[in-house]
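In: okay, sequence plus prediction incoming.
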Amino acid sequence: MTASCKLKAEQKSLTSHFEMVDILIADNQFTDAVKELKKIEKQVYDSWSYIGVYKRYIRIGEDERAQKIISKGLKKNSHNPELIAVYSTYLLRHDKLEEAQKLSEELRGTKYGSIYSEAVMKLARRDSKDDSGAFWKDSKYYSIYLDAYRGSQNPIWIRNCALFNLKDGLFENAAALLPVAYADADDAYFWALVLYDAGKYYEAIDALDASGSFLAGYPDSASRRVWRTTDIKIVALESDAYMAVSEIEASEAKRQEIITQLDHLTRLSEEEEKLLAMIVVNSAIYARNQYEDDSCADLLFYSVNRWPDNVAALILYSDFAYNSNLEREESLEVRNLRANGISSLSMEEYDNRRKIPLSDALYRLEQAMERTKDPYLSITCLDLKYKMDSSITVKNKTADLWIEMEKNYTEEKKYQSLLVQYTLNFLLQTNQKADARKLFEDFVRSTYNFDDKQDFWIQTERNLSTMDIRTAEFAAWFATDQKLYDEAVRLYEYCVYESGGVLFQGIVSPAVSTISCMNLADIYFSTGKKDKALELYGKAAGRESRNYLRSQIFYRIANIYAATGDKKNALRSVDYAILLYPDNAKASLLKEKLSTQSQQ
């Protein structure tokens, strides 16, 4: 008989013996089953036959015999992963943790790695004196959690691994752990957060849609309580993700899913209330930028009544109050119509526009400021008072601001920074550039502990990661004003591409202002980088919802095309600029000039 024929005969013989044992066990004839297993022990020849005997001993409660047979198998093949896995599991079930950990260490990184993970975690929990469980956050457990996930497919283990990466700022590594499928609404929402932080916004949107689908399967609120994820959380993040990829209308459409349900959104958690306030305020901003004053006013009025201390809502409410009470300068034709008691449709629309009393806005600001002591409200209140009192001259305002600066020099750093930023804006708007520059440099030197002996701009670049985005933007502006273009480019590129923490090439930070994007694009074009300028202008236009600013961007794009002789694209861009904001006089002049040139 050949070796292969003999092996097949042995396999057939063992299989028939195992079948006989299984029949005896099924009939509860355990004594006879043990006798048969003893006979089989003399015939076992590979890991699977040892495991077959072991499993049947375990089934009839013969743990000691099971241990002996699996131990015997390991002596013959000490590195067999299946035998190691089975014996390690036996040791774990009998609370022999040290032995289990030592034996199963060889399984790390294999499909049986979860057994080693279990041994390590049980030992750590048994021996730890830290009741808080903080020791689980040690990075040494990363591979332990990864193996635990591979073996169990329990999503909590792979999420732990992602959290380690997120903690270290390794957003792309965290996103690379994305599972093939999501376990439930919370699991999908967690991975949406990871993907968003990694700058993978469309993937985040897909994950949020998956989370929403899980929730949709449980329409009543009682059945949804098993999850922490809610429709409000999903919409808040998904609308932000759409904004990050410049899909402004899609972002608003997502917010409207919640806005239309406002009357039914009661008894929310504190977190949900904050997110809902953000959703409503962002919709108000969208409405304002689209010149939908009635919708904007409704949303703002709702916001300041439901959340009377919400800073963003109060600031927008006061801005709307001020702007709605401004009277536009009317043409001679309109004044003549009024004198004769005649009103056109547009005149009636303007006369019947929504207004918010300035006194109401100021009262709400002062009441909220009294309750919260919020520095943003202090600045907004000061600004509104300046706007309301036209008798205060620039000179008086400047003096008043310097007094405020001195008064609050020892206040908390946050207030100081806000007041400095407000004062800088005021000084620059009133052509007090030298004073603005001195204030900025003094503030930065003192705040970031600059060494007077070292170069100011080198130290500024060194401290960018600790600066708030507005201070960094001011730094870039002042560098540009001093014609320090290398420094300006570095500072603006940090603001535009790096300040949000997502360092993928070309992704614009959500925190940076559109003006900074436009300024950097200007520098690119002035230094011969036309393609980079056009690319950044395009991204800036896509993320901006204010039509007058978008009009300015397309006007500048038209200028670039015109300067390079591309009149077709120049006209197309300037037409769009005028369409977005018909009052863009510069765009109208440029169109007239381009049209004249085309006719020549």
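Out: Perfect, I can see it now. Predicted, not measured: the structure shown is a model, and the values here were computed from it.

In: tell me the predicted confidence for V502.
Out: Looking at V502, its pLDDT is 67.

In: separation between the nearest residue to D187 once chain neighbours are set aside and M121?
Out: Nearest in space to D187, with sequence neighbours left out and distances taken as C-beta to C-beta, 6 or more residues apart in numbering, is P155 at 4.8 Å. (Each C-beta comes from the backbone N, C-alpha and C, glycine too.) Look at P155 and M121: by C-beta to C-beta, to the nearest Å, they are 17 Å apart.

In: if we can go back for a sec, against G113, how distant is the residue nearest to D187?
Out: For P155, the distance to G113 - C-beta to C-beta - is 17 Å.

In: who has more neighbours out of these two?
Out: G113 (24 against 19; other C-beta atoms under 10 Å).

In: continuing past the lowest-mean-pLDDT helix or strand in the chain, what's the next helix or strand?
Out: The weakest-scoring helix or strand in the chain, judged by mean pLDDT, DSSP states H and E, is helix 221-224 (a mean of 58). Using DSSP states H and E, the helix or strand that follows helix 221-224 in sequence is helix 231-244.

In: just give me how far that next one sits from the chain centre.
Out: A distance of 9 Å separates the centroid of the chain from that of helix 231-244, by C-alpha atoms, centre = their mean, to the nearest Å.

In: regarding I279, what is its secondary structure?
Out: Applying DSSP: H, G, I helix; E, B strand; the rest coil to I279 yields a three-state assignment of helix.

In: pretty sure it sits against Q256.
Out: No: taking contacts as C-beta atoms under 8 Å, I279 lies outside contact range of Q256: 9.5 Å.

In: so between those two, which is more surrounded?
Out: Using other C-beta under 10 Å, the more surrounded residue of I279 and Q256 is I279, with 23 against 15.

In: does R267 lie in a helix or a strand, and which?
Out: Here R267 is covered by no helix or strand, with elements defined by DSSP H and E.

In: for the stretch 51-200 of the chain, which segments count as strands?
Out: Using DSSP state E, counting those that start in this stretch, the stretch 51-200 of the chain contains no strands.

In: ugh, wrong one, the stretch 251-400 of the chain
Out: Using DSSP E, counting those that start in this stretch, no strands are found in the stretch 251-400 of the chain.

In: how about low-confidence regions in it?
Out: Filtered on pLDDT under 70, the stretch 251-400 of the chain yields the residue ranges 328, 330, 334, 347, 350-351.

In: which residues in it form helices?
Out: All helices of the stretch 251-400 of the chain, identified by DSSP state H, counting those that start in this stretch, fall at 270-289, 293-306, 311-325, 332-339, 345-351, 358-372, 375-388, 394-407.

In: now do the third one: distance to the chain's middle.
Out: Mean C-alpha position of helix 311-325 versus that of the full chain (C-alpha atoms, centre = their mean) differs by 27 Å.

In: identify the residues contacting it?
Out: Helix 311-325 has contacts (C-beta atoms under 8 Å, 6 or more residues apart in numbering) with 277-278, 280-281, 284-285, 288, 293, 296-297, 300-301, 303-304, 307, 353-358, 360-362, 364-365, 368, 372, 374, 376-377, 380, 384, 387-388.

In: next: the last one.
Out: When contacts are taken as C-beta under 8 Å, 6+ apart, the neighbours of helix 394-407 outside the stretch itself are L382, Y386, I392, L419, V420, Y422, T423, F426, L427, T430, Q432, L439.

In: and of these, the nearest to A66?
Out: V420 (75.0 Å; C-beta to C-beta).

In: any chance of the helices of the stretch 251-400 of the chain in TSV, plus distance to I578?
Out: Converted to TSV, those look like this (distance: least, C-beta to C-beta, whole Å):
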stretch	distance to I578
helix 270-289	18
helix 293-306	22
helix 311-325	23
helix 332-339	22
helix 345-351	18
helix 358-372	33
helix 375-388	30
helix 394-407	33
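
In: among those helices, which is nearest V245?
Out: helix 270-289 (15.7 Å).

In: quick one: the closest one to helix 311-325, angle?
Out: 20 degrees (axes from the mean of the first three to the mean of the last three C-alpha atoms, to 10 degrees).

In: ok, residues contacting helix 270-289?
Out: The set of residues external to helix 270-289 that reach it, using C-beta under 8 Å, 6+ apart, is 230, 232-233, 235-236, 239, 248, 251-252, 255-256, 258-259, 262, 265, 268, 293, 295-296, 299-300, 302-303, 306-307, 310, 312-313, 316, 320, 545-547.

In: kindly give a single ChimeraX line that selects the buried subset of those residues.
Out: Listed next is the ChimeraX selection for buried residues among those, using 16 or more other C-beta atoms under 10 Å:
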select :230,232,233,235,236,239,248,251,252,255,258,259,293,295,296,299,300,303,307,310,312,313,316,320,545,546,547
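
In: neighbours of T527, how many?
Out: Count around T527 with other C-beta under 10 Å applied: 13.

In: and for the closest residue to it other than its chain neighbours, the neighbour number?
Out: Setting aside the residues directly before and after it, T527 is nearest to Y485 in space (C-beta to C-beta, 6+ apart), at 6.8 Å. The local packing of Y485 (other C-beta under 10 Å) involves 13 other residues.

In: thought L520 was touching Y485, still the case?
Out: No: counting by C-beta under 8 Å, Y485 does not reach L520; the two are 11.0 Å apart.

In: which SS state does V574 fall under?
Out: Taking three-state DSSP, the label given to V574 is helix.

In: ok, it - contacts?
Out: Applying C-beta under 8 Å, 6+ apart to V574 gives the contacts F554, Y555, A558, A587, L590, K591, L594.

In: rerun at 7 Å
Out: Y555, A558, A587, L590, K591, L594 (C-beta atoms under 7 Å, 6 or more residues apart in numbering).

In: save those residues as TSV, and put in secondary structure and neighbour count too.
Out: Shown next, in TSV, are those (DSSP: H, G, I helix; E, B strand; the rest coil; neighbours: other C-beta atoms under 10 Å):
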residue	secondary structure	neighbour count
Y555	helix	23
A558	helix	27
A587	helix	26
L590	helix	21
K591	helix	20
L594	helix	20
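
In: between these, which sits nearest L193?
Out: Using C-beta to C-beta, Y555 comes nearest to L193 of the contacts of V574, at 38.1 Å.

In: my guess is that closest one contacts A587. True?
Out: Yes: at 4.5 Å, Y555 and A587 qualify as touching, with contact defined as C-beta atoms under 7 Å.

In: joint contacts of those two?
Out: V574, A577.

In: picking that back up, now which of the contacts of helix 311-325 would you call buried?
Out: Here, 16+ other C-beta under 10 Å leaves 277-278, 280-281, 284-285, 288, 293, 296-297, 300-301, 303-304, 307, 356, 358, 361-362, 364-365, 368, 372, 374, 376-377, 380, 384, 387 buried among these.

In: helix or strand: which one has K38?
Out: According to DSSP H and E, K38 maps onto helix 30-41.

In: now do the buried residues in that helix.
Out: A33, V34, E36, L37, I40, E41.

In: how far away is D575 from D583?
Out: Distance from D575 to D583, counting by C-beta to C-beta: 15 Å.

In: tell me which of the two has more neighbours.
Out: Using other C-beta under 10 Å as the criterion, D575 and D583 rank with D575 on top: 15 against 9.

In: before we move on, the earlier item: what sits against the residue nearest to D187?
Out: Shown in contact with P155 (C-beta under 7 Å, 6+ apart): P179, A183, D187.

In: wait, C381 sits on E366?
Out: Yes: applying C-beta under 7 Å, one finds C381 in contact with E366, separated by 6.3 Å.
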